[in-house]
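Q: no FASTA, just this:
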């Protein structure tokens, strides 16, 4: 049974720019301490930092929206092992066109707000972008209700991961680069198979394994940008010395297989799927 | 890049020195709109330098929320005492340079400070 605790509850007053952010900073401080009580964050301290920041940004945006537009509002934040949840309610003018308010750059903020560095028209969009769950409803002339959640994706993802060293063993890959043992302990969650560098840049998720037949030195450049820890070259393609050297400089592993991209992708897919079950 | 290096490169004065001087600053971000700052650098792990002309306490609150260790005020703008006091409390180093924002960014970029990574995702 998971316990949900109320982290903070604070009032926000319209046009009170002087105290804007105080509530969020206080929430962040309390949350910082409260999260230490959860086993999960003891296991993943880095995630705590990330979630604190996400919550901070969203809460700050919600708070500034009330200060800029509404008369009065209240912001409550709850947390449990799985997620952090915030509810922001206000009495104010409401948002006549919600879709428009979610358009980046659209803003009805006052000159005063803009002078202080707010009202760029990014707030709601930002909350939507960062949070894992986001609802906004508004009644014109009455007020706005906003709720968002930050989830512990790690919990949901747990089990899908696979260590690089297991992956190399299972797929019987030949490692071409020198590496240190640390990299082998890294976790792999997913892979992307593609031979077009520009497409990988645009589409591949960061930190995926990359399966390709390309061996020129630019491959490493793309891998660095997308933080790819391991590149798997298929069909036993020869890899130029230059590429290997560059990969070693950037601590990226290049591994090779005689399989085709199709075969390797299939095997890897099965492996990652098995881990999930 | 160390905080000391930044001070040397842009000839900055220290307005508030309590904070993390060990930070290894890899990226820079310059903006006068705090909302834009919140939008762009809300997910980055590495230490970022915020270059801005905003001098009210909100800039410190923004920095705190984004885990930004150092804020550099440009154009030699006078800074409110309240901002300095809050920065001390929140342990955010506050620097000020007489250079305009363009020159400040140029100097730091030339010395190897990179732009904060971000992809267009409106």
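A: The structure has been received and is ready for your questions. As the structure is a computational prediction, the values presented were derived from the model and not from experiment.

Q: going forward, measure contacts and count neighbours with C-alpha atoms only.
A: Fine.

Q: ok, residue A:260 - contacts?
A: By C-alpha atoms under 8 Å, 6 or more residues apart in numbering or on different chains, the contact list for residue A:260 reads A:234-235.

Q: quick one: it from residue A:235, how far?
A: Going from residue A:260 to residue A:235 by C-alpha to C-alpha, to the nearest Å gives 5 Å.

Q: does chain A have contacts with the helix or strand that contains residue B:61?
A: According to DSSP states H and E, residue B:61 maps onto helix B:58-65. Yes. Applying C-alpha under 8 Å from any C-alpha of the partner chain, one finds helix B:58-65 touching chain A at B:58, B:61-62, B:64-65.

Q: export those to JSON lines and tack on pLDDT, neighbour count and distance to residue A:39?
A: Below are these laid out as JSON lines (pLDDT from 0 to 100; neighbours: other C-alpha atoms under 10 Å in any protein chain shown; distance: C-alpha to C-alpha, whole Å):
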{"residue": "B:58", "pLDDT": "92", "neighbour count": "22", "distance to residue A:39": "34"}
{"residue": "B:61", "pLDDT": "93", "neighbour count": "24", "distance to residue A:39": "29"}
{"residue": "B:62", "pLDDT": "92", "neighbour count": "21", "distance to residue A:39": "29"}
{"residue": "B:64", "pLDDT": "92", "neighbour count": "21", "distance to residue A:39": "26"}
{"residue": "B:65", "pLDDT": "90", "neighbour count": "24", "distance to residue A:39": "24"}
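
Q: quick check, nearest of those to residue A:30?
A: residue B:65 (13.4 Å; C-alpha to C-alpha).

Q: doesn't residue A:50 make contact with the closest one?
A: No. With contacts counted by C-alpha atoms under 8 Å, residue B:65 stays clear of residue A:50, the gap being 10.8 Å.

Q: where does pLDDT dip in the stretch 1-150 of chain A?
A: A:1-2 (pLDDT under 70).

Q: could you check which residue of it lies nearest chain B?
A: residue A:117 (4.3 Å; C-alpha to the nearest C-alpha).

Q: hmm, the longest helix belonging to chain A touching chain B?
A: Counting residues, the longest helix found in chain A (DSSP state H) is helix A:45-69. Yes. For helix A:45-69, a contact with chain B is found by C-alpha under 8 Å from any C-alpha, at A:50, A:53-54, A:56-57, A:61.

Q: ok, which stretches of the chain are strands?
A: Picking chain A for this. A:5-13, A:72-79, A:83-91, A:133-139, A:143-151, A:162-163, A:174-175, A:187-188, A:191-193, A:209-212, A:230-233, A:253-256 (DSSP state E).

Q: wrong one, I was asking about chain B
A: B:13-16, B:25-30, B:47-52, B:70-73, B:93-96, B:114-115.

Q: what helices and strands are in contact with the shortest one?
A: Taking 3 or more C-alpha pairs under 8 Å, 6 or more residues apart in numbering or on different chains; DSSP states H and E as contact, the helices and strands that strand B:114-115 lies on are strand B:25-30.

Q: show the pLDDT at the residue in chain B that chain A sits nearest to.
A: Residue nearest to chain A within chain B (C-alpha to the nearest C-alpha): residue B:33, separated by 4.3 Å. pLDDT for residue B:33: 88.

Q: OK, contacts around it?
A: So residue B:33 contacts A:114, A:117-118, A:120, B:54 (C-alpha under 8 Å, 6+ apart).

Q: 6 Å instead, please
A: Each residue near residue B:33 by C-alpha atoms under 6 Å, 6 or more residues apart in numbering or on different chains is listed here: residue A:117.

Q: can you tell me how far it is from residue A:196?
A: The span separating residue B:33 from residue A:196 equals 37 Å under the rule C-alpha to C-alpha.

Q: residue A:25 now?
A: 45 Å.

Q: okay, these two: which has more neighbours?
A: Shown here are residue A:25 and residue A:196; by other C-alpha atoms under 10 Å in any protein chain shown, residue A:25 has more neighbours (19 against 12).

Q: against residue B:60, how distant is that one?
A: Taking C-alpha to C-alpha, one finds residue A:25 at 11 Å from residue B:60.

Q: cool, residue A:23 as well?
A: From residue A:23 to residue B:60 the distance is 14 Å (C-alpha to C-alpha).

Q: now swap in residue B:25 and tell me
A: Residue B:25 is 17 Å from residue B:60, by C-alpha to C-alpha.

Q: which of those two has more neighbours?
A: residue B:60 (29 against 21).

Q: the residue nearest to that one when sequence neighbours are not counted: how many residues sit nearby?
A: Nearest residue to residue B:60, sequence neighbours excluded (C-alpha to C-alpha, 6 or more residues apart in numbering or on different chains): residue B:87, at 5.9 Å. Around residue B:87 there are 26 other residues, counting by other C-alpha under 10 Å.

Q: number of nearby residues for residue A:148?
A: Under the criterion other C-alpha under 10 Å, the count of neighbours that residue A:148 has is 24.

Q: and for residue A:74?
A: 17.

Q: ok, it touching residue A:13?
A: No. Counting by C-alpha atoms under 6 Å, residue A:13 is not a contact partner of residue A:74; they are 8.7 Å apart.

Q: and chain B, which residues reach chain A?
A: B:32-35, B:39, B:65-66 (C-alpha under 6 Å from any C-alpha of the partner chain).
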